[in-house]
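A.B. asks: Sequence first, then the predicted structure:
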Amino acid sequence: EDKMPIKMVYWNVKARGFFPAVVAAYGKVDLEWDHATADQWPSSKDEAPFGQLPFITDGSFKLAQSMAITRYIAKKANLLGDSDEDYATSEMLIEQSNDLWALLYKTHCTEPRKDAMDKLYAEGMPVQLGYLSRLLGSKATFASKVTAGDLVIAAVLNVLLGLQADVLDAFPNLKAFYSKFQAEASLAPLLGPGCTIGNYIQRA
């Protein structure tokens, strides 16, 4: 039977809706990113479980909260991790990506923004990337195979690179990790240079 795609209402920007979109693309889960409805916001506010975006509709089921959506899509794609260790590693990375996003967003909202972002890239972000680099070590993925956690970290790295192209140069293992995902055909429209999704976080 033909199943309707999952519909995600979110703006056409690299922010909270970007993470589930990356997982869906890699996991070959049919996700329709509905920018048009989001652009009419708040017309769909009554439909949203918590009155905010993103939310998805899968048949008659509605779900909000970006990381719950990410996990729901990852479960459909079998990307939550097979072993307890892989599952836990993926969950840890999802939470870390949330923290990194919150740090970026807070800095984006700090005035003067350019000074705050310059300081983050010079001081705060290298520490965080150092933790990720140490965790990855010489492995190709953080867990024993690709999980949702790997994919959301790749999505955050994409946002970081969009603001400073050399941000991973001091971390060659992270750079190789990211390059592998960027080279995936399914992820090229989201992570590749031809991506048409706008940057929400700004450097200045």
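C.D. replies: In hand now; what should we look at?
A.B. asks: which other residues reach the helix or strand in which Ala21 is found?
C.D. replies: Per DSSP states H and E, Ala21 falls inside helix 18-27. If you take C-beta atoms under 8 Å, 6 or more residues apart in numbering as the criterion, helix 18-27 is touched by 6, 8, 29-31, 33, 54, 56, 66-67, 69-70, 73-74, 76-79, 97, 146, 148, 151-152, 154-155, 159, 181, 184, 186-187, 189-191, 197. (C-beta placed from N, C-alpha, C; glycine too.)
A.B. asks: Equivalent analysis for stretch 92-109, please.
C.D. replies: Residues from elsewhere that reach stretch 92-109, judged by C-beta under 8 Å, 6+ apart: 16, 19, 67, 70-71, 113, 116-117, 120, 124-125, 128, 132, 142, 147-150, 152-153, 155-156, 159-160, 200-202.
A.B. asks: Buried only: go through the residues you listed for me.
C.D. replies: 16, 19, 67, 70-71, 116-117, 120, 125, 128, 132, 142, 147-150, 152-153, 155-156, 159-160, 200-201 (16 or more other C-beta atoms under 10 Å).
A.B. asks: Now do the strands in this protein.
C.D. replies: 6-9, 13-14, 31-34, 55-58, 61-64, 198-199 (DSSP state E).
A.B. asks: Arrange those in TSV, one row each, with mean neighbour count and distance to Thr107 as further columns.
C.D. replies: Output for those, formatted as TSV (neighbours: other C-beta atoms under 10 Å; distance: least, C-beta to C-beta, whole Å):
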stretch	mean neighbour count	distance to Thr107
strand 6-9	22	26
strand 13-14	18	15
strand 31-34	20	26
strand 55-58	22	26
strand 61-64	14	25
strand 198-199	12	14
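A.B. asks: Dump those to JSON lines, plus distance to Glu47.
C.D. replies: Below are those laid out as JSON lines (distance: least, C-beta to C-beta, whole Å):
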{"stretch": "strand 6-9", "distance to Glu47": "8"}
{"stretch": "strand 13-14", "distance to Glu47": "20"}
{"stretch": "strand 31-34", "distance to Glu47": "11"}
{"stretch": "strand 55-58", "distance to Glu47": "7"}
{"stretch": "strand 61-64", "distance to Glu47": "7"}
{"stretch": "strand 198-199", "distance to Glu47": "24"}
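A.B. asks: Those strands: which one's closest to Tyr87?
C.D. replies: Nearest to Tyr87 among the strands of the chain is strand 61-64 (19.9 Å), distances taken as C-beta to C-beta.
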